[in-house]
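S.K.: Mind looking at a prediction? Sequence and model below.
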Amino acid sequence: MSEIQGLDSLHSIHVADPKRFSDGNILELLEVLRTQDPVHYCEDSPYGPYWSITRYNDIMQVDKDYETFSSDAHLGGIMIDDDIVGDAESDFFVSSFITMDPPDHAPQRKAVNKIVTQPSLVNFSTVIRKRTQDLLDELPIGEPFDWVNRVSIELTTQMLATLFDFPFEDRGKLTRWSDVTTAEADSPIVGSQAQRVKELGECLEYFTKLKQKRAHGPAGFDLVTMLAQDAATKDQPAHEFLGNLMLLIVGGNDTTRNSMSGSINAFNKFPDQLERLKENPGLLSNAVSEVIRWQTPLAHMRRTAMLDTEVGGKNIKKGDKVVMWYYSGNRDTDVFEKPNQLDIERHNARNQMSFGFGVHRCLGMRLGELQLQILWEEILARFDRIETLEEPTRVQSNFINGYTRMPVMVHA
């Protein structure tokens, strides 16, 4: 990278600049940091000072130690941008079970955990497969279209609507609220923090009505009913209800959406791996893990140091913002051989860290894997390949590692 060449120090580098992710340069920078400054301190940025943790084992150390490294919303939560959770002293503040430390975390997570138990996944698989088949059968053969909107967004939004038992005709709102939640405050998506707060207020209002209707109704198997009826969440304040909604919407939408799009991008960049998969469909389960490693749909998670500590030989002070770059950990050559390549037979693909570790490991990881698995089972059953027609347009975000547009053509 030109800005690094000739510098004696990387001290001035602002790793989390969202433009680094949309222009595709971030992986090169992360590789330099892993080699030269794996626990890197940025003294000045729009997000304030922060540490970047870029090596796999250092990230594991931070992620597993919730006593030393807190996720608490009152300290800023899990994203480098504090505006996402807001200010506890202002009119806008949200908190969810992922932005709570034990022991507060577990009861709220448990309230919705049964939605992704093994029996639930078996039941969901029938619905997922039918919708996937219907959507793929409607795709035009030999004609350009946008894979992101036509397939990835539609499939994940339909699944979100099912998980919430959300009015199906309004399911587009879920996609919008997901995008608004994670967007930079000055991005074209929202334009300002005030606009973000306004739209999330509309989200809260919509779901509050659903919650009130289901609070004393039958024990339905959906996330709203679970939150409305479980002892740990039924009387939670609005800032916690909205926070949990934001978490569940983003978790159920962005991760899966961008893994679906990422899989198309990956197999176009490594067509030999698609041929290998066609020859041996039994590799698909491992291929799903490898695609999720290669894509890493959430680029980072953030923590706040609760005491003076040390990571990778660097002294981190109490109160410091610590950013774990999962995108970097998944490309660490000390763990993954030739990590920039897609290898569907990679022996340790399941060691990818896209879902995190410890108490905050992604609740919906198995559901996301299931959706990607079924999508590719159905693709392999009906298409020769799905060709990308130009380089995809990426999201301008240091958190969501994904795509806004991917023109493709299906070959029968």
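M.R.: Thanks, I have the structure now. Numbering: from 1, shown residues only.
S.K.: what does whatever helix or strand residue 130 lives in rub up against?
M.R.: Using DSSP states H and E, residue 130 maps to helix 118-137. Applying CB atoms under 8 Å, 6 or more residues apart in numbering, the contact partners of helix 118-137 are 114, 151, 154-155, 158-159, 162, 221, 366-367, 370-371, 374-375, 378-379, 382-383. Quick note: C-beta positions are derived from backbone N, CA and C, even for glycine.
S.K.: Kindly export stretch 64-77 (C-alpha atoms) in PDB.
M.R.: What follows is stretch 64-77, C-alpha atoms only, in PDB (Å, rounded to 0.1, in the frame of the first residue of the first chain):
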ATOM      1  CA  LYS A  64     -12.700 -15.500  25.500                       C
ATOM      2  CA  ASP A  65     -11.800 -13.200  28.400                       C
ATOM      3  CA  TYR A  66     -15.100 -11.300  29.100                       C
ATOM      4  CA  GLU A  67     -13.900 -10.300  32.600                       C
ATOM      5  CA  THR A  68     -10.900  -8.300  31.200                       C
ATOM      6  CA  PHE A  69     -12.500  -7.300  27.900                       C
ATOM      7  CA  SER A  70     -16.100  -6.100  28.300                       C
ATOM      8  CA  SER A  71     -18.900  -5.900  25.800                       C
ATOM      9  CA  ASP A  72     -21.100  -3.700  28.000                       C
ATOM     10  CA  ALA A  73     -23.200  -1.100  26.000                       C
ATOM     11  CA  HIS A  74     -22.500   1.500  28.800                       C
ATOM     12  CA  LEU A  75     -18.800   1.300  27.800                       C
ATOM     13  CA  GLY A  76     -19.600   1.400  24.000                       C
ATOM     14  CA  GLY A  77     -20.700  -2.100  23.200                       C
END
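S.K.: Quick check: mean pLDDT of it?
M.R.: For stretch 64-77, the mean per-residue pLDDT is 97.
S.K.: what does stretch 27-45 give?
M.R.: For stretch 27-45, mean pLDDT is 96.
S.K.: how long is that stretch end to end?
M.R.: End-to-end span of stretch 27-45 (CA to CA, to the nearest Å): 19 Å.
S.K.: what does that stretch contact?
M.R.: Against stretch 27-45 from outside (CB under 8 Å, 6+ apart): 1, 4, 10-17, 20, 49-55, 58, 311-314, 316, 325, 327-328, 331-333, 340.
S.K.: Could you check how far residue 263 is from residue 32?
M.R.: 28 Å (CB to CB, to the nearest Å).
S.K.: quick one: which of the two has more around it?
M.R.: A direct count of neighbours by other CB atoms under 10 Å for residue 263 and residue 32 places residue 263 higher, at 26 against 17.
S.K.: Surely that one is in contact with residue 372?
M.R.: Yes. Counting by CB atoms under 8 Å, residue 263 touches residue 372, with 6.5 Å between them.
S.K.: Identify the contacts common to those two.
M.R.: By CB under 8 Å, 6+ apart, the residues touching both residue 263 and residue 372 are residue 291.
S.K.: can you pull out the strands in this protein?
M.R.: Here the chain has its strands, by DSSP state E, at 39-42, 50-53, 69-70, 145-146, 300-305, 309-311, 314-316, 321-325, 385-388, 393-394, 403-405, 407-411.
S.K.: Out of those, which is closest to residue 278?
M.R.: Residue 278 lies closest to strand 385-388 among those, at 9.1 Å (CB to CB).
S.K.: Stretch 151-171 - what's its average pLDDT?
M.R.: Here the average pLDDT along stretch 151-171 is 96.
S.K.: For the remainder of this discussion, apply numbering that starts at 706.
M.R.: Yep, numbering from 706; the last one is stretch 856-876 now.
S.K.: got the CA positions of it in PDB?
M.R.: What follows is stretch 856-876, C-alpha atoms only, in PDB (Å, rounded to 0.1, in the frame of the first residue of the first chain):
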ATOM      1  CA  VAL A 856     -31.300 -13.800  -4.200                       C
ATOM      2  CA  SER A 857     -29.200 -12.900  -1.100                       C
ATOM      3  CA  ILE A 858     -31.500 -10.200   0.300                       C
ATOM      4  CA  GLU A 859     -34.700 -11.900  -0.700                       C
ATOM      5  CA  LEU A 860     -33.800 -15.300   0.900                       C
ATOM      6  CA  THR A 861     -32.500 -13.800   4.100                       C
ATOM      7  CA  THR A 862     -35.400 -11.400   4.500                       C
ATOM      8  CA  GLN A 863     -37.900 -14.100   4.000                       C
ATOM      9  CA  MET A 864     -36.200 -16.100   6.700                       C
ATOM     10  CA  LEU A 865     -36.100 -13.100   9.100                       C
ATOM     11  CA  ALA A 866     -39.800 -12.600   8.600                       C
ATOM     12  CA  THR A 867     -40.400 -16.300   9.500                       C
ATOM     13  CA  LEU A 868     -38.200 -16.000  12.600                       C
ATOM     14  CA  PHE A 869     -40.100 -13.000  13.900                       C
ATOM     15  CA  ASP A 870     -43.500 -14.100  12.500                       C
ATOM     16  CA  PHE A 871     -43.400 -10.700  10.900                       C
ATOM     17  CA  PRO A 872     -46.000  -9.600   8.400                       C
ATOM     18  CA  PHE A 873     -44.600 -11.000   5.100                       C
ATOM     19  CA  GLU A 874     -45.800  -8.100   3.000                       C
ATOM     20  CA  ASP A 875     -43.700  -5.700   5.200                       C
ATOM     21  CA  ARG A 876     -40.600  -7.800   5.200                       C
END
